[in-house]
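[1] Coordinates only, no sequence provided:
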């Protein structure tokens, strides 16, 4: 990790654990080196820093281009590896950037649903994560975050703030039902969401 990222990572972890009882479960499954995609559900604007603080290595992440309209905020999130993404169209530049970062052995945080779930329930995934994983030949580590949409309750310890991870998924090892590229991308995205859903059931059992 670069110095400013490491310092912020340590500070954020201390704040989360001290004031919110933050828990990280199974982070040891994340590869320490090499390309990897962290694929998480998305329920709050707090998800990128919270999930990022649970990953024991520096991560990059795709962020909607609207967040870059304010020059000061754009500068800030770029310091923490945000990559602008135009969600209304197929943003090939952002996809190429993501694939390039993975080819350099970086870790990339993605939200397969493509937007926040206002209800907290898992949404249907977009195929982008499947495309990027296949192009970069990168493993995917499913992640489930909860409590970020109820930060006040987490502070009062009335709900849990946590991130849990599942074993890496190797896209090329999947038994694809079709040779069609788009069908393969969709299959990967749906398999990732199935594993995130499994993590959510594990979390519910501990409530």
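    Ah, there it is. Just so you know, these numbers come straight off a predicted model, no measurement behind them.
[2] Can you name the residues in contact with the lengthiest helix in the chain?
    Longest helix in the chain by number of residues (criterion: DSSP state H): helix 181-205. Residues outside helix 181-205 that contact it (Cβ atoms under 8 Å, 6 or more residues apart in numbering): 39-41, 112-113, 122, 124-131, 133-134, 140, 142-144, 146, 160, 162, 164-166, 169, 171, 174, 176-178. All C-beta spots, glycine's among them, are computed from the backbone N, C-alpha and C.
[3] rerun that using 7 Å as the cut-off
    If you take Cβ atoms under 7 Å, 6 or more residues apart in numbering as the criterion, helix 181-205 is touched by 39, 41, 112, 122, 125-127, 129-131, 133-134, 140, 142, 144, 146, 164, 166, 169, 171, 174, 176-178.
[4] List only those of the residues you listed flagged as buried.
    Listed as buried from the contacts of helix 181-205 are 39, 41, 112, 122, 125-127, 129-131, 133-134, 140, 142, 144, 146, 164, 166, 169, 171; burial here means 16 or more other Cβ atoms under 10 Å.
[5] Please, where are all the strands along the protein?
    23-25, 36-40, 59-64, 82-85, 107-110, 140-146, 162-165 (DSSP state E).
[6] In CSV: those strands, plus mean pLDDT and distance to residue 186.
    As requested, those are arranged in CSV below (pLDDT from 0 to 100; distance: least, Cβ to Cβ, whole Å):
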stretch, mean pLDDT, distance to residue 186
strand 23-25, 97, 28
strand 36-40, 98, 14
strand 59-64, 92, 19
strand 82-85, 90, 19
strand 107-110, 98, 15
strand 140-146, 98, 14
strand 162-165, 98, 23
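[7] Can you say which of these is nearest to residue 5?
    Residue 5 lies closest, by Cβ to Cβ, to one member of the strands of the chain: strand 59-64, at 9.1 Å.
[8] which residues touch residue 150?
    Counting by Cβ under 7 Å, 6+ apart, residue 150 makes contact with residue 159.
[9] Now do it against residue 43, distance only.
    As for residue 150, its distance to residue 43 is 9 Å (criterion: Cβ to Cβ, to the nearest Å).
[10] same deal with residue 127?
    In this structure, residue 127 and residue 43 are separated by 21 Å, where distance is defined by Cβ to Cβ.
[11] cool, and residue 60?
    Here the criterion is Cβ to Cβ. By it, residue 60 lies 21 Å from residue 43.
[12] Who has more neighbours out of these two?
    The neighbour count for residue 60 versus residue 43, taken as other Cβ atoms under 10 Å, is higher for residue 43 (22 against 19).
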